[in-house]
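>>> what follows is a protein structure lacking sequence information:
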């Protein structure tokens, strides 16, 4: 390919993006072909519209929204039995969203490889995979684990699982699929940004890209063929998540819910967490930046925050709902824009441009969010879960939501499980592997009839 396709050249010129072909003569044949594929896949008119929206004032929250009706955290024996029955029939799959890198944690590798175990240093990937394995053993049916990666995390994630024998899961039990990408543009000119000569600056299209990727990869169709009826969705950075919660599953099924979401009580009005609300009768999540300040501070007579249903990104979707959404709504899930400061390559100057300060963003990135699918659900639930039992994400290197706070939460939870089983930890740190105990009840079953356990040092039960 000695010259760019004429049709592509004309289209780029019509949208003011002709700079994308600068340096063409210095690219080899394979680089030229790759650049053409990238450019031909773009909807340049859509990009221009998205940039305009990004620079417009923030959108207002829905006109009519109320605090979401929350069902309590405790589950009945009947709900647990219903969920256990579904797990025993192989009707539940796990969907792990793992497209992010641990850049904020100081490691440019998949975040799932981060050592999260409180004592053992077990990786996030191993913790989640062992929960799937333990559940499969407990209910006598191999539960599918789907892992959504990104272009940056796909190869190392696959390699990590292969090197570790899928952490005990059967090869056919684990499915990897990759989310899509979106180009970044200059906020001032709207021009496409480049990562390197002949290579667009592409970013993952957000966890909302799970839906289209799930369908486009054939994974959603495969779930249907396997008889899976519901998908448990969670993010990689939360080691406390109950991947398969029988009570939650049972309540979801009994209510014939299409989309059920767990919520945690916000710790403070200004906590940086999305809030699940009822908007015009539909479940919806409002970002904390968009909820008016007076509403964030509004309280019930009990003293609780009125809008307190914080979202830990734990959902349960019916496969029928996902099929409907991917057929009719996935393409219309809105892109949300974020202004970022990034290093990039300027083809006009023929040189790299360092990232400016964060106060001077030079790029607009676009993402879709999974929670924008929630309003499409006709029947939905918000189910309370205790933060101490199910939400201790690892997002930051220090401070809130850091490895230190997450490990402390894991130790506290596992200490409580052992206390319920009649074991005094004597103040020593403890960690319970999912293979030894999925929850307090499962752990007590394992320890019942054993000789008295005395803990004299930090201990891992595995």
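Ah, there it is. Just so we're clear, the structure is a prediction, and the values are computed from it rather than from any experiment.
>>> would you point out which residue is most central in this protein?
residue 235 (3.6 Å; C-alpha atoms, centre = their mean).
>>> contact partners for that one?
96-98, 207, 241, 313, 393 (C-beta atoms under 8 Å, 6 or more residues apart in numbering). Every C-beta, even on glycine, is put in place using the N, C-alpha and C of the backbone.
>>> where does confidence bottom out across those?
Ranked by pLDDT, the contacts of residue 235 bottom out at residue 207 (85).
>>> any chance you could map the helices in the protein?
6-14, 29-40, 44-55, 77-88, 124-139, 154-163, 209-216, 219-226, 246-254, 293-296, 319-328, 387-390, 403-420, 440-447 (DSSP state H).
>>> quick check: buried residues in the fifth one?
The reference is to helix 124-139. Buried residues in helix 124-139, counted by 16 or more other C-beta atoms under 10 Å: 124-136, 138-139.
>>> distance between it and the chain's centre?
18 Å (C-alpha atoms, centre = their mean, to the nearest Å).
>>> contacts for it next, please.
84, 87-88, 94, 96, 98, 110-114, 116-117, 142-143, 145, 157, 160-161, 164, 166-169, 173-174, 234, 236-237, 239, 241-244, 394, 433-435, 438, 442.
>>> tell me the mean pLDDT for it?
Rounded mean pLDDT across helix 124-139 is 98.
>>> what angle do it and helix 403-420 make?
20 degrees (axes from the mean of the first three to the mean of the last three C-alpha atoms, to 10 degrees).
>>> isn't residue 314 right up against residue 261?
Yes. Applying C-beta atoms under 8 Å as the test, residue 314 and residue 261 come out as touching, 7.0 Å apart.
>>> among those two, which residue is more densely surrounded?
residue 261 (27 against 24; other C-beta atoms under 10 Å).
>>> the more buried one contacts residue 381, correct?
Yes. Taking C-beta under 8 Å as the definition, residue 261 is a contact partner of residue 381 at 7.1 Å.
>>> ok, the closest residue to residue 229 other than its chain neighbours - contacts?
Take residue 229 and drop its neighbours on the chain: the residue closest to it by C-beta to C-beta, 6 or more residues apart in numbering is residue 91, 4.4 Å away. The neighbourhood of residue 91, defined by C-beta under 8 Å, 6+ apart, consists of 227-230.
>>> now, those that are in strands?
Members of the contacts of residue 91 lying in strands (criterion: DSSP state E): residue 230.
>>> by neighbours, which of the contacts of residue 91 wins?
Most surrounded of the contacts of residue 91: other C-beta under 10 Å gives residue 230, at 24 neighbours.
>>> and it, how far from residue 250?
From residue 230 over to residue 250 the distance is 11 Å, taken as C-beta to C-beta, to the nearest Å.
>>> do residue 83 as well
In terms of C-beta to C-beta, residue 83 sits 4 Å off from residue 250.
>>> just to revisit the earlier point, as CSV, the contacts of residue 91 with pLDDT would be great.
What follows is those, written out as CSV (pLDDT from 0 to 100):
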residue, pLDDT
227, 97
228, 98
229, 98
230, 98
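>>> so the residue nearest to the centre of the chain bridges to which residues?
residue 97 (DSSP bridges).
>>> output the below-cut-off pLDDT ranges for the stretch 201-350 of the chain.
329-332 (pLDDT under 70).
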